[in-house]
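K.L.:
build me a model:
(one chain, ligands or ions: 1)
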Amino acid sequence: MIIDSHVHIWKRAMLPNSIIRAYLEPLLELDGLIDMSVDREKDWPMSEVDAEMLISSMDVAGVDKSVILPLDFGRIEEPRVDIETYNEWVFEISLAYKDRLIPFVGVDPMRGKKALDIVEKMVNKFDAKGVKIYPGTGFRPDDDSIKEFWQLVDNLNLIVVSHAGASWGPLDENFNHPIYFRNILEKFPSIRIIIAHLGGKWRFETYEMAKEFKNVYADCSALQGWLPSQSDVAISRLKEAASIMPDRLIFGSDWPLFDISYPYSQWVQFVIEKDWASEEIKERVLGKTFASLI
Ligand SMILES: [Zn+2]
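P.N.:
Numbering: from 1, shown residues only. Sure thing, here's the model as predicted:
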């Protein structure tokens with residue numbers, strides 16, 4: 001059973017123009033492939049990705065289940081489609097693939113009451129199991145003004161996925177430090193947090209917290225950024241994480257973000273085949289750990 005804990009789907013109008021550009025920036029090395037000078041509806045092959053496209057990519061890659069994380073960048077720039085509609089869309093279209101797709105709520109806690117309402121609505125209506133946040137939109141996760149958000153997450157027993165590490169464009173990566181979850185974990189010891197991308201350049205903060213708190217997990221999505229040219233970096237990061245937190249490392253891809261530079265199916269094969277951990281640990285990373293977490 002292979003579970004991908006970190007994928008996205010969207011319609012173009014659900015993402016702000018400034019963010020589309022920011023997401024594409026890491027791909028600018030592939031210069032000439034994309035004209036970055038103007039905003040266009042079809043500025044990128046992944047401008048619109050829906051459940052059907054995701055399922056067919058999963059089929060090719062041999063992935064059984066995926067966790068869909070809606071993205072709320074609205075406090076940077078409100079997209080044409082509002083965040084509640086985006087979440088509803090993700091949950092609605094996932095209903096057709098109940099045994100394959102696991103949608104989480106994606107909302108910026110700084111929206112205050114609206115964020116709480118969206119989380120409650122998705123839990124009541126669709127039995128949502130988790131919530132994705134993105135501190136780089138401009139908040140520290142332990143900011144006192146969002147303590148009600150954490151109280152709700154704790155009450156509803158939701159899994160939290162947080163972006164961590166680098167951000168581009170109008171996003172402020174200084175908010176993306178994994179260590180900002182320490183205060184949350186001290187206050188709410190039952191909240192389970194998945195630090196995305198291992199925490200990126202701040203992954204040692206993730207490792208430090210993982211030693212201190214049993215509910216800290218990390219996903220390995222976006223390591224494809226090192227592929228294909230620097231596969232040694234991807235392997236050493238996987239080895240490092242597997243040696244420190246073997247039972248709490250979770251497979252992820254960030255599909256469709258890296259597909260253009262490194263195909264999804266190859267990333268899955270990379271994790272399956274390369275020599276970075278025992279077969280037993282790989283099995284846990286590729287599905288068992290997330291299955292027991294959820
Ligand atoms: Zn992502």
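K.L.:
only C-alpha atoms from now on, for both contacts and neighbour counts.
P.N.:
OK.
K.L.:
the residue nearest to residue 105 when sequence neighbours are not counted: helix or strand, and which one exactly?
P.N.:
On the basis of Cα to Cα, 6 or more residues apart in numbering, the spatially nearest residue to residue 105 that is not a chain neighbour turns out to be residue 131, at 4.5 Å. Residue 131 belongs to strand 130-133 when assigned by DSSP states H and E.
K.L.:
in the stretch 151-294 of the chain, which spans are helices?
P.N.:
Using DSSP state H, counting those that start in this stretch, the helices assigned to the stretch 151-294 of the chain run over residues 182-187, 203-212, 231-244, 264-273, 279-283, 289-293.
K.L.:
what mean pLDDT does the last one get?
P.N.:
In this case it means helix 289-293. Helix 289-293 carries an average pLDDT of 97.
K.L.:
which other helices and strands does that helix contact?
P.N.:
Helices and strands in packing contact with helix 289-293 are listed as strand 3-7, strand 249-250; criterion 3 or more Cα pairs under 8 Å, 6 or more residues apart in numbering; DSSP states H and E.
K.L.:
out of the ones you listed, which is the most enclosed?
P.N.:
When you average the neighbours per residue for each of the helices and strands packed on helix 289-293 (mean count of other Cα atoms under 10 Å), strand 249-250 leads with a mean of 30.
K.L.:
which other helices and strands does that strand contact?
P.N.:
Counting contacts by 3+ Cα pairs under 8 Å, 6+ apart, strand 249-250 is packed against strand 216-219, helix 289-293.
K.L.:
can you lay out the ones you listed as a markdown table showing distance to residue 4?
P.N.:
Formatted as a markdown table, the helices and strands packed on strand 249-250 follow (distance: least, Cα to Cα, whole Å):
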| stretch | distance to residue 4 |
| --- | --- |
| strand 216-219 | 9 |
| helix 289-293 | 9 |
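K.L.:
circling back to that earlier point, quick check: pLDDT value at the residue nearest to residue 105.
P.N.:
At residue 131, the pLDDT value in this model is 98.
K.L.:
same deal with residue 25?
P.N.:
The confidence metric pLDDT takes the value 61 at residue 25.
K.L.:
ok, now residue 44?
P.N.:
Residue 44 is assigned a pLDDT of 61 by the prediction.
K.L.:
ok, now residue 56?
P.N.:
96.
K.L.:
quick one, what contacts it?
P.N.:
Under the criterion of Cα atoms under 8 Å, 6 or more residues apart in numbering, residue 56 has no contact partners.
K.L.:
can you identify the element that follows the least confident helix or strand in the chain by mean pLDDT toward the C-terminus?
P.N.:
Considering only helices and strands, the least confidently modelled element of the chain by mean pLDDT, DSSP states H and E is helix 17-24, at a mean of 78. Tracing the chain past helix 17-24, the next element assigned as helix or strand by DSSP H and E is helix 51-61.
K.L.:
with only the CA atoms kept, save that following helix in PDB.
P.N.:
Extracted as PDB, the C-alpha positions of helix 51-61 are listed here (Å, rounded to 0.1, in the frame of the first residue of the first chain):
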ATOM      1  CA  ALA A  51      -9.100  14.600  -9.200                       C
ATOM      2  CA  GLU A  52      -9.200  12.600 -12.500                       C
ATOM      3  CA  MET A  53      -5.700  13.800 -13.500                       C
ATOM      4  CA  LEU A  54      -4.500  13.000 -10.000                       C
ATOM      5  CA  ILE A  55      -5.900   9.500 -10.100                       C
ATOM      6  CA  SER A  56      -4.400   8.800 -13.500                       C
ATOM      7  CA  SER A  57      -1.000  10.000 -12.300                       C
ATOM      8  CA  MET A  58      -1.400   7.800  -9.200                       C
ATOM      9  CA  ASP A  59      -2.300   4.800 -11.400                       C
ATOM     10  CA  VAL A  60       0.900   5.300 -13.500                       C
ATOM     11  CA  ALA A  61       3.000   5.700 -10.400                       C
END
